[in-house]
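Asks: Here you go, sequence then predicted model.
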Amino acid sequence: MNALILLLGAAGAYGTALMFGTLGEVLTEKSGNMNLGVEGIMYMGGIFGLIVPNVYEMAVGTGNANPFVAIMLAVISSFAVGAFAGALFSFITVTLRANQNVTGLAMATFGTGVAKFVGELRRLKVGGYVTLSNELKFAFDNHFMPQFLKDIPVIGRILFNQSEFFYLAIILAIAMHFFLTKTKTGLYLRAVGESPVTADAAGINITKYKYLATIVGGGISAVGGMVYTMTTAGCVWIEASLSGTGWLAVALVIFCTWRPLNSMWASILFGALMIMYLRIVIPFFPTELYKILPYAVTIVVLVITSTRNIKDKQPPASLGLNYFREER
């Protein structure tokens with residue numbers, strides 16, 4: 001039981017980055033755009049979210065950096081680079097009408113390459129690992145909840161012993177749910193994803209909604225990359241550490257059936273599945289089988305929902321399809 005609690009507690013930390021990546025892609029796909037470049041976007045968010053606070057700390061001097069300013073710089077810089085990637089994807093697919101699958105795969109490769117290049121450039125500049133001081137490391141992974149909440153049996157160690165980004169992701173998931181289901185703008189966005197022909201006929205600006213959803217979604221996913229680098233990776237740039245996280249976030253979108261609220265528990269579950277091989281050792285059970293569990297579970301869920309044809313658990317009807325107004 002204790003091992004399971006420790007596993008779920010660690011899964012919350014790992015799942016936080018996945019939650020941001022998933023929520024960003026959910027918002028993007030609700031507009032009908034399928035951006036498979038989440039891997040590259042999270043990579044860019046991870047490196048720029050670390051480099052900007054690193055530059056700030058070196059400019060003001062170690063020990064003089066304000067933790068709040070460093071956190072804000074990390075969030076803003078990672079969101080900005082993700083938004084840029086989302087805008088680039090939108091320009092290529094919405095304006096130029098290129099194939100979304102090909103563009104997404106190119107974006108994944110492009111983003112990963114940019115992150116590795118910038119990270120290596122900064123490493124050579126500082127003459128060692130790109131990292132932050134211990135004071136700022138603590139600020140980024142600060143478990144600020146009161147001790148009496150942490151002492152609650154079982155729940156306290158899982159839900160109240162996390163960084164501030166975990167609770168920010170929870171708030172974002174709830175806010176996105178209300179935005180998509182309770183606001184006129186959110187309903188318009190869903191209409192664009194389900195039937196752009198009908199939405200266009202109703203006077204909804206298809207291009208505007210696709211651009212905005214993809215740009216904001218890219219920014220949110222990039223924040224997930226920053227969170228992974230600054231918490232799970234300990235504020236140290238190791239280019240291989242983020243490998244596969246973006247693809248897992250894309251798989252998680254399917255698993256949570258395009259619902260922001262489902263991403264909360266699904267991210268923790270996926271986080272547990274991804275680190276299970278470190279916490280629970282089963283003799284003669286290969287590590288590689290542990291690592292494919294999240295993807296295997298996603299395939300099972302996809303098969304079940306597809307065969308049962310549950311309408312509210314299907315992707316947006318126009319997902320991955322470019323809209324040509326002339327063909328209405």
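Replies: Alright, I've got the coordinates.

Asks: Please tell me how far Leu212 sits from Ala85.
Replies: Going from Leu212 to Ala85 by CB to CB, to the nearest Å gives 14 Å. For every residue, glycine as well, the C-beta is placed using N, CA and C.

Asks: Comparing those two, which residue is more hemmed in?
Replies: Using other CB atoms under 10 Å as the criterion, Leu212 and Ala85 rank with Ala85 on top: 28 against 18.

Asks: Please point out which parts of the helix or strand encompassing the more buried one sit buried.
Replies: Following DSSP states H and E, one finds Ala85 within helix 67-90. For helix 67-90, the neighbour count (16 or more other CB atoms under 10 Å) marks 67, 70-71, 73-90 as buried.

Asks: how far is it from where the chain is centred?
Replies: 12 Å (CA atoms, centre = their mean, to the nearest Å).

Asks: After that helix, heading C-terminal, what element do we hit next?
Replies: helix 100-126.

Asks: Name the next helix or strand downstream of that next one, please.
Replies: helix 134-140.

Asks: what's that following helix in contact with?
Replies: For helix 134-140, the external contacting residues (CB atoms under 8 Å, 6 or more residues apart in numbering) are 53, 57, 63, 65, 67-68, 70-71, 74, 131-132, 163, 230-231, 234-235.

Asks: Where does pLDDT dip in the stretch 1-150 of the chain?
Replies: Applying pLDDT under 70 to the stretch 1-150 of the chain flags the ranges 1, 3.

Asks: for the protein, which residue is closest to the average position?
Replies: Gly21 (1.0 Å; CA atoms, centre = their mean).

Asks: does that one belong to a helix or a strand, and which?
Replies: Assigned by DSSP H and E, Gly21 belongs to helix 2-30.

Asks: Counting by contacts, list what that helix packs against.
Replies: helix 38-60, helix 155-159, helix 164-182, helix 184-194, helix 206-227, helix 245-255, helix 262-279 (3 or more CB pairs under 8 Å, 6 or more residues apart in numbering; DSSP states H and E).

Asks: closest to Gly320 out of the ones you listed?
Replies: Closest approach to Gly320 among those is made by helix 184-194 (10.5 Å; CB to CB).

Asks: Pull out the buried residues from the closest one.
Replies: Neighbour counts using 16+ other CB under 10 Å place 186, 188-194 of helix 184-194 among the buried residues.

Asks: quick check, nearest of these to Gly203?
Replies: Nearest to Gly203 among the buried residues of helix 184-194 is Tyr188, at 9.9 Å by CB to CB.

Asks: ok, Val75 - contacts?
Replies: Applying CB under 8 Å, 6+ apart to Val75 gives the contacts 49, 223, 226.

Asks: Can I get the buried ones among those residues as something I can paste into ChimeraX?
Replies: The ChimeraX command for the buried members of these (criterion: 16+ other CB under 10 Å) is given here:
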select :49,223,226
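
Asks: mind putting the contacts of Val75 in JSON lines, distance to Glu120 included?
Replies: Output for those, formatted as JSON lines (distance: CB to CB, whole Å):
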{"residue": "Gly49", "distance to Glu120": "17"}
{"residue": "Val223", "distance to Glu120": "23"}
{"residue": "Met226", "distance to Glu120": "18"}
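
Asks: between the helix holding Gly21 and helix 184-194, how many degrees?
Replies: 80 degrees (axes from the mean of the first three to the mean of the last three CA atoms, to 10 degrees).

Asks: if we can go back for a sec, which one of the helices and strands packed on helix 2-30 lies nearest to Phe324?
Replies: helix 206-227 (10.5 Å).

Asks: For that closest one, buried residues please.
Replies: For helix 206-227, by 16+ other CB under 10 Å, it's 206, 209-227.

Asks: Good, wrapping up.
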